[in-house]
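Undergrad: Just to be clear, the model below is a prediction. Sequence and coordinates:
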Amino acid sequence: MMKELYSNGKLLLTAEYAILDGAKGLALPTKFGQSLKLETSNSKALLWKSLDYNGTIWFSAQFSKIDIKTIHTSDADISQRLAQILLKAKQLNPAFLSRKTDYNSIEARLNFPRDWGLGTSSTLITNIAQWANVNPYQLLAATFGGSGYDIACAQHNTPILYQRNEYTPIVSEVPFHPNFSDQLYFVYLNQKKNSREAINSYRNLDFDKTALISKIDTITDKILTCLDLKEFAALLNKHEAIISETLKIPTIKDILFSDYSGTIKSLGAWGGDFVLVTGTASEMNYFKDKGYSIILPYKEMIL
């Protein structure tokens, strides 16, 4: 018996940080994601292995099926985190992993490098939630936390508008297909940002949240109806300035690329993973010359 699940990766174009307090965020599911292959075996244990995009096993573990205790693992910290997710799923659905005929040989496989920050955790949570037949937003809240937009991206194949609402967020598919997408690129900054730490830092700030949400919502709405690159870039620049002022930290462009002629927009937690850049294919040499070699055109990244 075999079953395969799949969840999309994610990028957040607008409302980073503010999305935690109820701002509308424009989120983009990616062509990259994670699969979860479920099979039955003769083993009495729950067998788990995680594969990287190149087929390399980067994590493996054996758990007892009854109490999800680690029997053997290649990484104790990751095993503890995975066991926590499986136990929370079992708490939400006690029938999960309770039958002898249940799947017990599991293979998780990414089709993108783990350090890209496209949703290694959110795609795993969504796949496990599907397997366990539980609410993925509830499982996320009980484990990693966060706004949940990444869970919504995992389940949708088009751009979405996302707004927090406990375990039933407001999610709507939107027709965001910019006719200038050939001038949009994603540049990998080659430095991982811990989302939980970034969220905690944001939570400790003192500012007018209602005013921030209002400003960000207005920008998001305008981006959805934007027809040309010049207006789009101006809206992204305004968004960057607002979040920079809120966080009291400079924009990525000011820090790393102040002499670049185009627009640079952070995506998600500031300071890590990918940024969205406007420009031509030849203008991407600017980033390559600075050592940023991983550059994906919009159409290669976004569903």
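TA: Structure's in. What do you need? Residues are numbered from 1 along each chain as shown.
Undergrad: now the strands: where do they sit in the stretch 51-200 of the chain?
TA: Using DSSP state E, counting those that start in this stretch, the strands found in the stretch 51-200 of the chain span residues 57-64, 70-73, 105-110, 160-163, 170-173, 184-188.
Undergrad: Compare those and report which one is nearest to residue 273.
TA: strand 184-188 (7.0 Å; Cβ to Cβ). The way it works is simple: take the backbone N, C-alpha and C, and place the C-beta from them, glycine included.
Undergrad: Include mean pLDDT when you put the strands of the stretch 51-200 of the chain into a markdown table, please.
TA: Shown next, in a markdown table, are the strands of the stretch 51-200 of the chain (pLDDT from 0 to 100):
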| stretch | mean pLDDT |
| --- | --- |
| strand 57-64 | 98 |
| strand 70-73 | 98 |
| strand 105-110 | 98 |
| strand 160-163 | 98 |
| strand 170-173 | 98 |
| strand 184-188 | 97 |
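Undergrad: can you pull the buried residues of the least confident helix or strand in the chain by mean pLDDT?
TA: Lowest by mean pLDDT, DSSP states H and E among the helices and strands of the chain is helix 195-203, with a mean of 78. Buried residues in helix 195-203, counting neighbours by 16 or more other Cβ atoms under 10 Å, are found at 195, 198-199, 202.
Undergrad: how about the helices in the protein?
TA: With DSSP state H, the ranges of helices along the chain come out as 76-92, 120-132, 136-142, 149-155, 195-203, 209-224, 229-247, 252-256, 285-289, 298-301.
Undergrad: For the third one, name the packing helices and strands.
TA: Read it as helix 136-142. Contacts defined by 3 or more Cβ pairs under 8 Å, 6 or more residues apart in numbering; DSSP states H and E place helix 136-142 against helix 76-92, helix 120-132, helix 149-155.
Undergrad: Centre of the chain to the second one, how far?
TA: When distances are taken as Cα atoms, centre = their mean, to the nearest Å, helix 120-132 is centred 12 Å away from the chain's centroid.
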